[in-house]
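Enquirer: kindly generate the corresponding structure for this input.
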Amino acid sequence: MIAWWCVGQKTADANSEGLRLSIALTRMADPTWAIGHRRYQRATPILLAIIGQPRSPPCHRRSLSSGSPTRNASGPSLPSPTSPLNAIFRLHGSHAERHLDDDDRRRLARLGHDLGWRRVGKHARLVTMRTLRRWWKTLIDTTKPPAARGGRKPFSPDVVAVVIRLAKENSIGNDAGGQRRISGELKREGVDVSPSTVKRILAKNGIPPATTRGSGWDGPVAAAISDPGTVALDFITVAIGCGDKAQDHYVLAAIHQASRLVEILGVTDHPNETWMAQIARNLTMADTGFLHRMKATWVIMDRDTKFTDQFRRIINDANSGFTTLRLPPRSPQANGIMERWFRSAKTNVIRKAYWFDAEALWQALVLYLEHYHTERPHQSLGNDSPLPAQRSTVVGDRWKLTRQERVGGLINTYRREAA
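Expert: Presented below is the predicted three-dimensional model:
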């Protein structure tokens, strides 16, 4: 059985002054022992709440049962303890807090409010001080208005409308209305709005910054970038050799943007016009060429002089629906998927070893492509692979994995161990 004792005791100790509030919340088999204990004979009880019907000592039995206070010869009067939750505590014991109703919570909240939250919180066992305060706010003190919301004041609707209008009406070109210009325009008309406020208004309404507003692709470039049948071409430079004998070699690769399938077209130290013409014929070869296998529609490339007129003419004249497109100058983001693959190839293979032979580099890139197509997860493909292998059917502990090396140990992949 649980008892909450709230006793205001005048101590006779000379070192203590005034009224000392002692709140003892204890679990006792018979909580009425304290009433007859000599330490509490002279106590002045303030409240006895949530206590099962006590079995009082003979000297107090009549007063506790009748509800009328009596005066003991050795101390002040004791009021009758209230027991509104007697049945609950007798039925549920220490889990009674789970079966309280709103009336019980109001009584406890009132007790904590009258005696002080901190004093009750030091000794509370049934509920915490935060719970009592929450009950007080939600069940008793409901007439108090809610506290004002902190933070910045909301923007005026008129200011928001003007900022959005200035941004939309001046959104293209070098004179696009940015946060500082809009703030200056409004300041000239007597409206004081800081640039940071304009920035927050534009961001909240989905308007990009002036530097990127109206800078998207249009025309054939936009059509080629968004077409699922687009194949992108580009070069990467790799130093082969060591020291003064190192020589730059050029790796030409092609990627199908929708499926992320990649093919290494060639590695050479001198990509002249003849070499490029042969690459174009390999790309457009019927049935086996990369463009035919990918059913390509657009073939995009940058304005590198290695992509000669002859190279583009061979692709355009293949009579297979291929159309070459040179991207705008200084715009690597237009060929971002190809550039991202080069970054993966550099970090996973090229920069992990010294290369002394172009043939070794070619073989390493081919082995990397096998891992890239069948094992490496791709976020753009839902963490799947372009050519996913069959899922493992090995029966065994799923946490026991075996490491398998790829590309001569430059890359690791893992498989579940067999039972």
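
Enquirer: show me the contact partners of stretch 376-390.
Expert: Residues from elsewhere that reach stretch 376-390 (CB atoms under 8 Å, 6 or more residues apart in numbering): 259, 260, 261, 372, 373, 374, 375. Just so you know, the C-beta spots here come from the backbone N, C-alpha and C atoms, and that holds for glycine as well.

Enquirer: check contacts around the second one.
Expert: Going back to what we said before, that points to residue 260. Contacts of residue 260 by CB under 8 Å, 6+ apart are 337, 341, 378, 380, 381, 386.

Enquirer: now do the fifth one
Expert: Residue 373 is in contact with 261, 262, 385, 386, 387, counting by CB under 8 Å, 6+ apart.

Enquirer: please name the bridge partners of the first one.
Expert: Put plainly, it is residue 261. Beta-bridge partners recorded for residue 261 (DSSP bridges): residue 256.

Enquirer: quick one, what contacts it?
Expert: With CB under 8 Å, 6+ apart, residue 261 has these contacts: 255, 294, 373, 386, 387.

Enquirer: filter the residues you listed down to the buried ones and express that as a PyMOL selection.
Expert: Applying 16 or more other CB atoms under 10 Å to these leaves a buried subset, and the PyMOL line that selects it is:
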select buried, resi 255+294+373+386
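
Enquirer: how does this structure divide into domains?
Expert: Split into domains by automatic domain parsing, the chain comes to 2-140, 157-204, 220-347.

Enquirer: name the nearest of the contacts of stretch 376-390 relative to residue 194.
Expert: Distance to residue 194 across the contacts of stretch 376-390 (CB to CB) is lowest for residue 260, with 45.1 Å.

Enquirer: contacting residues for residue 282?
Expert: When contacts are counted by CB under 8 Å, 6+ apart, residue 282 touches 265, 289, 290.

Enquirer: so which of the residues you listed are in helices?
Expert: Per DSSP state H, helices hold the following members of the contacts of residue 282: residue 290.

Enquirer: out of the contacts of residue 282, give me the one that has the most neighbours.
Expert: Most neighbours among those, by other CB atoms under 10 Å: residue 290, with 21 neighbours.

Enquirer: who are the contact partners of that one?
Expert: By CB under 8 Å, 6+ apart, the residues touching residue 290 are 231, 254, 263, 265, 282, 283, 296.

Enquirer: which of those count as buried?
Expert: Buried members of these, counted by 16+ other CB under 10 Å: 231, 254, 263, 265, 283, 296.

Enquirer: ok, which pair from those residues is furthest apart?
Expert: Spanning the widest gap among these are 265 and 296, at 13.6 Å by CB to CB.

Enquirer: ok so, going back, I'd like the buried ones among the contacts of residue 290 as JSON lines, with distance to residue 348 appended.
Expert: Output for the buried ones among the contacts of residue 290, formatted as JSON lines (distance: CB to CB, whole Å):
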{"residue": "231", "distance to residue 348": "22"}
{"residue": "254", "distance to residue 348": "19"}
{"residue": "263", "distance to residue 348": "17"}
{"residue": "265", "distance to residue 348": "19"}
{"residue": "283", "distance to residue 348": "25"}
{"residue": "296", "distance to residue 348": "26"}
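
Enquirer: show only the entries of these found in helices.
Expert: Among the buried ones among the contacts of residue 290, the members found in helices (DSSP H) are residue 283.

Enquirer: could you list which of the buried ones among the contacts of residue 290 belong to strands?
Expert: Those of those mapping onto strands are 231, 254, 263, 265, per DSSP state E.

Enquirer: remind me, longest helix of the protein?
Expert: helix 358-374.

Enquirer: what residues of that helix count as buried?
Expert: For helix 358-374, the neighbour count (16+ other CB under 10 Å) marks 358, 361, 364, 365, 367, 368, 369, 371, 372, 373 as buried.

Enquirer: want to throw those into JSON lines with distance to residue 120 and pLDDT?
Expert: Below are the buried residues of helix 358-374 laid out as JSON lines (distance: CB to CB, whole Å; pLDDT from 0 to 100):
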{"residue": "358", "distance to residue 120": "81", "pLDDT": "92"}
{"residue": "361", "distance to residue 120": "76", "pLDDT": "94"}
{"residue": "364", "distance to residue 120": "73", "pLDDT": "94"}
{"residue": "365", "distance to residue 120": "73", "pLDDT": "95"}
{"residue": "367", "distance to residue 120": "72", "pLDDT": "94"}
{"residue": "368", "distance to residue 120": "68", "pLDDT": "94"}
{"residue": "369", "distance to residue 120": "71", "pLDDT": "94"}
{"residue": "371", "distance to residue 120": "65", "pLDDT": "91"}
{"residue": "372", "distance to residue 120": "65", "pLDDT": "92"}
{"residue": "373", "distance to residue 120": "68", "pLDDT": "92"}
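
Enquirer: using CSV, lay out the residues you listed together with distance to residue 345.
Expert: Compiled in CSV, the buried residues of helix 358-374 are given as follows (distance: CB to CB, whole Å):
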residue, distance to residue 345
358, 15
361, 11
364, 10
365, 7
367, 12
368, 7
369, 9
371, 11
372, 8
373, 13
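
Enquirer: just give me the closest of those to residue 163.
Expert: residue 372 (47.1 Å).

Enquirer: distance of the closest one relative to residue 349?
Expert: As for residue 372, its distance to residue 349 is 10 Å (criterion: CB to CB, to the nearest Å).

Enquirer: ok, residue 208 next?
Expert: 37 Å.

Enquirer: low pLDDT regions in this structure?
Expert: 1-99, 123-126, 142-151, 172-175, 213-216, 218, 389-399, 418-419 (pLDDT under 70).

Enquirer: all strands for the stretch 251-400 of the chain, in order.
Expert: Ranges of strands within the stretch 251-400 of the chain are 261-268, 298-301, 323-326, based on DSSP state E, counting those that start in this stretch.

Enquirer: just say which of these is most tucked in.
Expert: Comparing the strands of the stretch 251-400 of the chain by mean neighbour count (mean count of other CB atoms under 10 Å), strand 298-301 comes out on top with a mean of 23.
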